[in-house]
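A.B. asks: Structure of the sequence below:
(4 chains)
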Amino acid sequence: MGPVISVQVLLSPEPFDPYSLLAIWSADHPAAAESHFIGRVRPVTGANQQLDALELEHYPGMAERQLQQLATTQAQHHGVKAVLVQHRVGLITPKAAIVLVAVAADRRGPAQRCCQALLEALKHDAPFWKREWSAGVGTWVQGNTPLGDGG
Amino acid sequence: MGPVISVQVLLSPEPFDPYSLLAIWSADHPAAAESHFIGRVRPVTGANQQLDALELEHYPGMAERQLQQLATTQAQHHGVKAVLVQHRVGLITPKAAIVLVAVAADRRGPAQRCCQALLEALKHDAPFWKREWSAGVGTWVQGNTPLGDGG
Amino acid sequence: MAAAPIRLRLFASLREEAGWEQQDWPWPDQNQPPTPEQIWRSLGLTASLDDLRIAVNFEFAGRQQPLQPGDELAFLSPISGG
Amino acid sequence: MAAAPIRLRLFASLREEAGWEQQDWPWPDQNQPPTPEQIWRSLGLTASLDDLRIAVNFEFAGRQQPLQPGDELAFLSPISGG
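C.D. replies: Alright, predicted model coming up:
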């Protein structure tokens, strides 16, 4: 048996404050290295129109289960101590947080790599679908935004 | 001229709360992607003795300047919108935060890569020296902890 | 006693194109258990199964996975989470 | 009027080995400006310059960089920040 890993996953239709969640979680899982990611709703659509709201549909039952499995798999693979995932569902206003991923580990490398890999995993393998609402019209988003090339 | 990048760097002998700093900083720099790293004092020394405190010596004048330069260089290179670095100096108790790096960007890739690269840069190119205090004896740390291999 | 039907589910754009969200697919009178691919074909929807993913009882599954009575079978359009 | 001396600085383990933190190195009476390497040799410390980094006026510099009167020159043992 490997060491006990804390995996905490929550889906919520309510807005959440990433920083107070992180403060509470971190107090329960003190570690030398913490890596976080927060994704927020862009104020414009993919077609560069003003966004009124983002709707996030999920497959109830499967989404929670997949998040838990993906988080556990990545935590074990990278040998980290604790993982936190908080994910919004339903209607989300621009600039609000959609997703928070946090990883606590003994070393910075595993913390960072696990956080990054888990974010990619949940973007591709957890059953969520985004619809952008703009001027009263809803448009389903086809796949994910690219990682971005930087520079 | 490139876009305006916000670079905020602070050295402080006082303890800091990463989460309240992040909350304030984020409100000033809303972005679709935020990546953070927090490094904390390990409760044991490199020789696996109980650690009483970590002392962090710096080169005043050069340390601030180097952090600012490293943060600006990485921010420009990765095309991000804002960077925050908070770094402790002086005597630090176990589990307290030593360093906070936060990056806000339009896309998750640049945010994550910039956060990671800046952390490595400041670990290797900013004039800080660590001394571990254990049972009344201070031992200078030779170089940095490894990134860690994960798994 | 008849075997329990298969519960079919659709989401997001796929649900809207099909015009339904869930339906029960009666357990067939055949020797081999049905597969997701067989059921997809019988639905007559326009999307290609190549562009979709399949979940059986809340887990990803292959298009040839033999189904059991009472299974929940979902066809998932490309995911855009996080 | 004599040229301003060079301000030398040491930190951490290097400071403790040398037994001093800073000193002024008088501007020499020579044709060529002194270099960090020349000054390091004159200090007679045991550490090898290969293991150290050099900063001139708060910026990293090479061991052959010509110095100016009044420069601040620091020899830095390996960094362990963050």
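A.B. asks: need the strands for chain A, in chain order.
C.D. replies: With DSSP state E as the criterion, chain A has strands at A:6-12, A:33-40, A:53-58, A:82-88, A:90-92, A:97-105, A:128-134, A:137-140.
A.B. asks: contacting residues around A:Trp129?
C.D. replies: A:Leu56, A:Glu57, A:His58, A:Trp140, A:Val141, C:Phe11, C:Ala12, C:Ser13, C:Ser77, C:Ile79, C:Ser80, C:Gly81 (C-beta atoms under 8 Å, 6 or more residues apart in numbering or on different chains). Just so you know, the C-beta spots here come from the backbone N, C-alpha and C atoms, and that holds for glycine as well.
A.B. asks: if we go to 10 Å?
C.D. replies: Listed by C-beta atoms under 10 Å, 6 or more residues apart in numbering or on different chains, the contact set of A:Trp129 reads A:55-59, A:140-142, C:11-15, C:76-81.
A.B. asks: Pull out the buried members of those residues.
C.D. replies: Among these, those classed as buried by 16 or more other C-beta atoms under 10 Å in any protein chain shown are A:55-59, A:140-141, C:11-15, C:76-81.
A.B. asks: Take those residues and keep only those in helices.
C.D. replies: Filtering the buried ones among the contacts of A:Trp129 for membership in helices, criterion DSSP state H, returns C:Ala12, C:Ser13, C:Leu14, C:Arg15.
A.B. asks: hang on, isn't the first one packed against A:Phe128?
C.D. replies: Put plainly, it is C:Ala12. Yes: here C:Ala12 reaches A:Phe128: they are 9.0 Å apart, a contact under C-beta atoms under 10 Å.
A.B. asks: Contact distance from chain B - what residues of chain C qualify?
C.D. replies: Counting by C-beta under 10 Å from any C-beta of the partner chain, chain C comes close to chain B at C:Gly82.
A.B. asks: Count the residues that sit near whatever residue of chain C ends up closest to chain D.
C.D. replies: At 27.9 Å from chain D, C:Gly82 is the closest residue in chain C, using C-beta to the nearest C-beta. Using other C-beta atoms under 10 Å in any protein chain shown, C:Gly82 is surrounded by 24 other residues.
A.B. asks: What residues sit buried inside stretch A:37-55?
C.D. replies: Neighbour-count burial for stretch A:37-55 [16+ other C-beta under 10 Å]: A:Phe37, A:Ile38, A:Gly39, A:Arg40, A:Val41, A:Arg42, A:Thr45, A:Leu51, A:Asp52, A:Ala53, A:Leu54, A:Glu55.
A.B. asks: ditto for stretch A:92-111
C.D. replies: A:92, A:94, A:97-111.
A.B. asks: Could you identify the most distant pair in the ones in helices among the buried ones among the contacts of A:Trp129?
C.D. replies: Between any two of these, the greatest separation by C-beta to C-beta is 7.3 Å, found for C:Ser13 and C:Arg15.
A.B. asks: Next, show the common contact partners of these two.
C.D. replies: With C-beta under 10 Å, 6+ apart, C:Ser13 and C:Arg15 have common neighbours A:Glu57, A:Trp129, C:Ser77.
A.B. asks: What sits closest to C:Trp40 if chain neighbours are left out?
C.D. replies: Nearest residue to C:Trp40, sequence neighbours excluded (C-beta to C-beta, 6 or more residues apart in numbering or on different chains): C:Leu49, at 5.2 Å.
A.B. asks: ok, the nearest residue to C:Arg53 once chain neighbours are set aside to A:Arg88 distance?
C.D. replies: The shortest distance from C:Arg53 to any residue other than its chain neighbours is 4.5 Å, reached at C:Leu76 (C-beta to C-beta, 6+ apart). Plainly put, C:Leu76 is 19 Å away from A:Arg88 if you go by C-beta to C-beta, to the nearest Å.
A.B. asks: Alongside chain A, which residues does chain C contribute?
C.D. replies: C:9, C:11-17, C:53, C:55, C:57-60, C:72, C:74, C:76-82.
A.B. asks: now, which of these lie within strands?
C.D. replies: Among the residues of chain C next to chain A, DSSP E puts C:Arg9, C:Arg53, C:Ala55, C:Glu59, C:Phe60, C:Glu72, C:Ala74, C:Leu76 in strands.
A.B. asks: Need the buried ones from those selected in PyMOL.
C.D. replies: Per 16+ other C-beta under 10 Å, the buried members of these correspond to this PyMOL selection:
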select buried, chain C and resi 9+53+55+72+74+76
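A.B. asks: Tell me the one of the ones in strands among the residues of chain C next to chain A nearest B:Leu11?
C.D. replies: Of all those, C:Phe60 has the smallest distance to B:Leu11: 48.9 Å, by C-beta to C-beta.
A.B. asks: Contact partners for the closest one?
C.D. replies: Per C-beta under 10 Å, 6+ apart, neighbours of C:Phe60: A:Met62, A:Gln66, A:Asp125, A:Pro127, C:Arg53, C:Ile54, C:Ala74, C:Leu76.
A.B. asks: go on, A:Leu54?
C.D. replies: A:40-42, A:45, A:88, A:90-94, A:96, A:98, A:130-133, A:141.
A.B. asks: Try it again at 6 Å.
C.D. replies: For A:Leu54, the contacting residues are A:Val41, A:Ile92, A:Lys130, by C-beta atoms under 6 Å, 6 or more residues apart in numbering or on different chains.
A.B. asks: near chain D, which residues of chain A show up?
C.D. replies: Residues of chain A lying near chain D by C-beta under 6 Å from any C-beta of the partner chain: none.
A.B. asks: where in chain A is pLDDT low?
C.D. replies: A:1-2, A:144-151 (pLDDT under 70).
A.B. asks: ok, and the closest non-adjacent residue to the closest residue to chain D within it?
C.D. replies: Across chain A, no residue is closer to chain D than A:Arg108, which sits at 8.2 Å (C-beta to the nearest C-beta). Of all residues not flanking A:Arg108 in the chain, A:Ala33 sits nearest, at 4.4 Å (C-beta to C-beta, 6+ apart).
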